[in-house]
Each structure stands twice: as structure tokens, then as C-alpha cells.
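Student: I would like the atomic coordinates for the input below:
(one chain, ligands or ions: 1)
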Amino acid sequence: MNASVTIAGTSSSTGDDLLRVDNLVVEYPGKGFRAQPFRALDNVSIRIGAGETLGLVGESGSGKTTLGRAVLGLAPVTEGAILFDGDDIGHAGRSKRRALSRDLQVVFQDPYTSLNPSMTVGDILSEPLSVQGKSRADARRRVREVLDQVGLPQDTIGRLPREFSGGQRQRVAIARALALSPKLIVCDEPVSALDLTTQARVLDLFMQIQRDTGVAYLFVSHDLDVVRHISHRVAVMYHGEIVEEGLAAQVTVTPQHPYTERLLLASPVPDPDRQQQRRTDRRRLIDEQRELTGGAGVAA
Ligand SMILES: Nc1ncnc2c1ncn2[C@@H]1O[C@H](COP(=O)(O)OP(=O)(O)OP(=O)(O)O)[C@@H](O)[C@H]1O
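Tutor: Model (predicted):
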């Protein structure tokens with residue numbers, strides 16, 4: 001296994017850390033009699049500052065979702081620490097998690113399954129507000145605000161999720177995450193179930209919301225193009241480890257780790273001719289950048 005690479009001067013977020021994960025190990029119980037536990041994350045460390053987006057990229061099974069779930073308290077912390085706003089939340093119990101949900105929210109990949117099909121959009125959006133003890137009037141006001149924020153009309157309130165397209169449903173899911181004005185949203189492949197045009201619109205929405213509210217994102221995706229578009233910094237996962245981390249423009253244009261380079265060259269586009277052209281362009285770009293930077297080597 002290659003050693004991890006951190007591009008000099010970019011290993012930490014700007015300003016104070018909102019989220020700091022230190023040497024996190026997550027092991028899932030093994031299956032069957034006397035089975036060994038499976039180590040899904042091995043000594044993973046990341047930092048995210050207020051208002052910042054860290055893109056987390058890697059192939060299927062590399063551990064991206066597990067890291068997001070660990071931050072949300074949905075995966076077991078075997079070793080290491082997860083600090084949110086300076087508070088250790090790695091082993092937070094139910095009541096602390098409920099309090100945390102004001103500041104820490106999630107948007108999942110699949111808007112078709114993440115929204116309760118029997119609830120109206122109004123009820124879906126006001127649920128987190130009533131759980132936090134908001135009055136009905138306050139909840140109604142906030143629901144109207146978040147619908148505006150995600151670009152959905154006010155008459156959405158009385159309708160059911162099935163009446164909407166995938167992109168609109170994902171806007172509802174984003175509105176639900178925003179309802180409590182969180183500081184951080186874990187976004188787990190939030191655009192991968194959408195067609196390319198809708199993806200671009202929803203990514204723009206995420207960025208607009210960040211500009212307006214200062215929310216930070218841990219943005220999980222297998223797609224380097226998506227991650228490059230939305231992230232300030234990018235961390236690359238491979239077999240449960242972070243192998244490279246740095247500014248988005250650097251990691252996605254001048255990758256230092258061979259795995260990142262492979263990921264970059266393999267990143268698919270629907271049209272095979274464009275795919276070939278893109279591979280060629282990227283190869284050239286990587287080689288040119290290497291030459292410019294004196295052929296900065298790949299750490300082994
Ligand atoms: N609840 C679980 N119990 C046992 N093993 C699990 C569990 N959840 C995930 N794993 C394993 O942990 C590893 C990392 O999975 P994870 O879902 O975090 O990867 P990922 O990078 O998000 O993949 P994908 O992009 O396919 O979602 C995989 O080998 C997976 O099979």
C-alpha cells in the first residue's frame with residue numbers, strides 16, 4: 001500500500017475546525033462463527049472548517065459512506081476521535097445526538113427512498129422543527145423560508161413526494177436538512193441518482209446555499225468531476241484510508257498519488273468518444289503540470 005500524500009500547506013481547513021476526525025478506526029463485526037471484524041476505516045483523519053466543503057472521493061467500497069455515517073453516529077467508532085465544534089461526539093448517546101441534529105444534518109443519495117412517501121412535503125419539512133420543540137407557527141414560517149431557499153413553490157407544502165421529479169425530491173431533502181440551520185451537512189452521493197442536467201442544477205443549489213448560510217459540507221461522491229466542482233478541498237479514500245488530500249484544484253489536476261491519478265483517468269462520461277478525449281486531455285494536463293512543477297514525484 002502506498003503512503004498517503006498531503007499537499008504541503010493544505011492539510012488543514014482554514015480557520016477553526018468545525019469537524020475534526022482524528023485517527024478514526026471503524027470495524028464492522030465479522031459474519032459467521034469466529035469471524036474476524038472487518039476494518040472499514042483505518043486511521044482516518046479529516047478536518048472541515050466553518051463554511052467549507054471537503055469532497056470525499058474514492059471507488060465503491062473504499063469507506064466513504066462509512067466515514068459519513070461515523071460522523072452522524074451511525075457507524076461504530078472502534079478507535080480515534082470525532083470532534084464537532086470542539087465536542088467529542090464519537091460515542092454520543094441518543095439525547096446528545098438529538099441535540100446535535102440541530103447542527104449536523106444529512107442528505108442521502110436516493111430522494112426516492114429518503115422521503116416518507118405517505119407524508120406531505122409540509123409535514124416532512126416541519127418534522128425536525130417540531131422534534132426540536134418549535135411552535136407550529138414558527139415551523140410553518142421556517143418551512144416557507146426553506147422552500148424559497150431551495151427554489152420550490154409554496155404550494156409544494158400540501159403535496160406528496162411521488163408528485164415530484166428526482167431533482168425536485170432532492171430539493172425537498174435538502175430543504176429538510178436546512179430546516180434547523182445546521183452548521184454541517186453530510187451529503188452522501190446526493191446527486192448520483194440524478195441525470196446530468198439536474199445534477200448541475202442541484203450542485204449549484206448546494207453552492208448557493210453555502211454562500212447564503214455559511215453551512216459546511218462533507219460531500220461524498222465517487223465522481224471526481226462532481227467533487228472538483230463543489231469542493232474547496234478533496235480527500236481521496238482507498239481501502240479505508242485517506243491516501244491524498246489537498247486543494248480541489250490541485251488534487252484533481254495534479255494528483256500526487258497513483259490511485260488518484262487512476263481514478264481521474266477512469267472517471268466516466270456517457271459518450272465513449274468524449275471519454276477517450278477526456279482521458280487524453282487529462283493525461284496531457286497531468287504530464288504538463290508535472291513538467292512545470294519539476295516532475296514532483298509520487299510518494300510511495
Ligand atoms: N454494516 C456493515 N457491516 C459490514 N460491512 C460493512 C457495513 N457497511 C459497509 N461495510 C463494508 O465496509 C466497506 C466500506 O463500505 P462503504 O459503504 O463505506 O464504502 P463506499 O466507499 O461508500 O462505497 P459505495 O460508493 O459503494 O457506497 C465495504 O467493504 C463494505 O462492504
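
Student: next one, pLDDT for the residue of the stretch 201-300 of the chain found nearest the ligand please.
Tutor: For the stretch 201-300 of the chain, the residue closest to the ligand is His222, as judged by C-beta to the nearest ligand atom, at 5.1 Å. (C-beta placed from N, C-alpha, C; glycine too.) Confidence at His222, expressed as pLDDT, is 89.

Student: pLDDT score for Arg228?
Tutor: The predicted local confidence for Arg228 is 92.

Student: how many residues are close by the residue of the stretch 201-300 of the chain closest to the ligand?
Tutor: For His222, the neighbour count with other C-beta atoms under 10 Å is 18.

Student: now swap in the one 4 residues further on and tell me
Tutor: The criterion is other C-beta under 10 Å. On that basis, Val226 has 21 neighbouring residues.

Student: equivalent analysis for Gly61, please.
Tutor: 12.

Student: how about Arg98?
Tutor: Neighbours of Arg98 (other C-beta under 10 Å): 12.

Student: quick check: phi and psi at the residue of the stretch 201-300 of the chain closest to the ligand.
Tutor: With angles defined as degrees, to the nearest 10, His222 sits at phi -90, psi 0.

Student: check Leu18 too.
Tutor: The phi/psi pair for Leu18 (degrees, to the nearest 10) is phi -80, psi -40.

Student: need the phi and psi values for the residue most central in space within the chain.
Tutor: Centroid-nearest residue in the chain, with C-alpha atoms, centre = their mean: Phe219, separated by 1.8 Å. Per-residue torsions, Phe219: phi -110, psi 100 (degrees, to the nearest 10).

Student: what residues sit buried inside stretch 203-222?
Tutor: Residues of stretch 203-222 classed as buried: 203, 205-206, 209-210, 215-222 (neighbour count, 16 or more other C-beta atoms under 10 Å).

Student: returning to what we had before: Leu56 is in contact with the residue of the stretch 201-300 of the chain closest to the ligand, correct?
Tutor: No: His222 is beyond contact range of Leu56, at 9.8 Å (criterion: C-beta atoms under 8 Å).

Student: who touches both of the two?
Tutor: Common contact partners of His222 and Leu56 (C-beta atoms under 8 Å, 6 or more residues apart in numbering): Lys64.
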